[in-house]
Structures are given as structure tokens and as C-alpha cells.
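Q: Below: sequence and its predicted model.
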Amino acid sequence: MRLLVSSVVSMLAATGAVAADAHYTLDPAKSTLEYQFTQAGALNKGKFTKYTVTLDVAADAPSKLDVVVEMASLDTGDKERDDTLKTADLFSVAKFPQSHFTSTQITKTANGYDAAGKLTIRGVTKDVHVPFTFSAANGSLIGKVSLKRLDYGVGQGDWKATDQVGNDVAVTYALHLVAH
């Protein structure tokens, strides 16, 4: 009987009627992790070029999301600004080379999913909610989250003021994940 049930579940999983558990990893060549911020009243954009993402799916729903970003890979298209962002007063990449998000719970929402978890930037860990949509059919994980840079200590000394660099940072992600 157990063999019959196992065979039926395997057959249903193969047809898509029941999803098998899966572990997804990032295809970096087909993915983007970008951010927007205001500086001197103008909207500025940047991206990270080195990061890892893993997503576990169980019972046809995302169950665990983990993201690690190499902070030195930031790129705004302006070397002087990038070098400034890497200093001790901002991201302090020499002391804090990575930022990390790990989910503690993922729930289904009307628009997709919400990953509640811990985000650590510059050694400061905060609870955050990361909304996203996910399609197992094409491996896409897409979303946007808003963060306050000062909540994470990104802005020491003169950079603590928000008159030149705004506190709000919008992070958008269009990730392509591959099942294993």
C-alpha cells in the first residue's frame, strides 16, 4: 500500500497536480537587485552585482528565503559616489562586507507572498517584511521593498542628515531561480 501511495504522489507531482519539494538557487546572469534613493533632490539608482539567493518550496508554496549581498559590489554608475558609499560613514564595507536577509515565515497574500524575517545591514538586524511574487513555472521571484537607511546605521557623521541624501531606499528585485 505504501508503495502504491508513493507512486501516486510521484505521478501527481510529475504532472504538476501536487508540487514536489524543491530548492532553488539564483541564476545571476538573468537577475537584478537594484535600489533607488534621493541625493540632492534627484532620484538616483544603483545595483548590486554579487549576491546569492536560495528559496525552498514545500507543498507548492515558498517556505524559506535567504539572500546574501556582497556590499562591495554596489554600482551606481559613478565611481566617486560608489567609493563614498563604501566608507565607514555609510555601508562600511571593510567592516561589514555582507548584508543578509533570512525569512522566519512566508505567508500567502492576495498579491503573492510575504517573507517575514531578519535583515542585517552594517551589523544592525531588524525585522522586515519582503513582499514578492513567485512562479515555479519560470523560476521568477519579483518584488519591491522600502527601507530606511538610518534604521541600519547607513549614515554616520555628516551623512546622518537627510537634507542631501534621503532616508528612504526602494529595493527592487527581479530574480531568476533554478530548481535543484
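A: It's in.
Q: Tell me the confidence at the residue nearest to the spatial centre of the chain?
A: Nearest residue to the geometric centre of the chain (CA atoms, centre = their mean): Val67, 5.3 Å. Val67 is assigned a pLDDT of 98 by the prediction.
Q: Can you tell me the closest non-neighbouring residue to it?
A: Using CB to CB, 6 or more residues apart in numbering and skipping the chain neighbours, the partner closest in space to Val67 is Phe101 (4.4 Å). Heads up, the C-betas are built off the backbone N, CA and C, glycines and all.
Q: Kindly report the same for Thr133.
A: That would be Gly112: by CB to CB, 6+ apart, it lies 3.7 Å from Thr133.
Q: burial measure for the one you found, as a count.
A: Per other CB atoms under 10 Å, the neighbour tally for Gly112 reads 15.
Q: Any idea what it is bridged to?
A: Thr109 (DSSP bridges).
Q: So it is in contact with Ser140, correct?
A: No - using CB atoms under 8 Å, Gly112 is not in contact with Ser140; the gap is 10.9 Å.
Q: what residues are shared contacts of those two?
A: Both Gly112 and Ser140 are in contact with Thr133, Phe134, where contact means CB atoms under 8 Å, 6 or more residues apart in numbering.
Q: what ranges do the strands span in the chain?
A: Remark: strands assigned in the chain by DSSP state E are 22-26, 32-39, 42-48, 51-58, 61-70, 74-75, 98-109, 112-121, 124-135, 140-148, 168-179.
Q: Quick check: buried residues in the second one?
A: The one in question is strand 32-39. Across strand 32-39, burial judged by 16 or more other CB atoms under 10 Å covers Leu33, Tyr35, Gln36, Phe37.
Q: In this structure Met71 contacts Lys95, no?
A: No - contact criterion CB under 8 Å: Met71 and Lys95 do not qualify, at 10.1 Å.
Q: The two: which has the busier surroundings?
A: Taking other CB under 10 Å, Met71 and Lys95 do not tie; Met71 has more neighbours (21 against 9).
Q: what pairs with Ala174 across the strands?
A: Counting by DSSP bridges, Ala174 forms beta bridges with Thr32, Ile142.
Q: Same check on the one 5 residues further on?
A: Taking DSSP bridges, one finds Tyr24 as the beta-bridge partners of Ala179.
Q: about what we covered before: am I right that the residue nearest to the centre of the chain is in contact with Leu55?
A: No - the criterion here is CB under 8 Å, and Val67 misses it with Leu55 at 9.4 Å.
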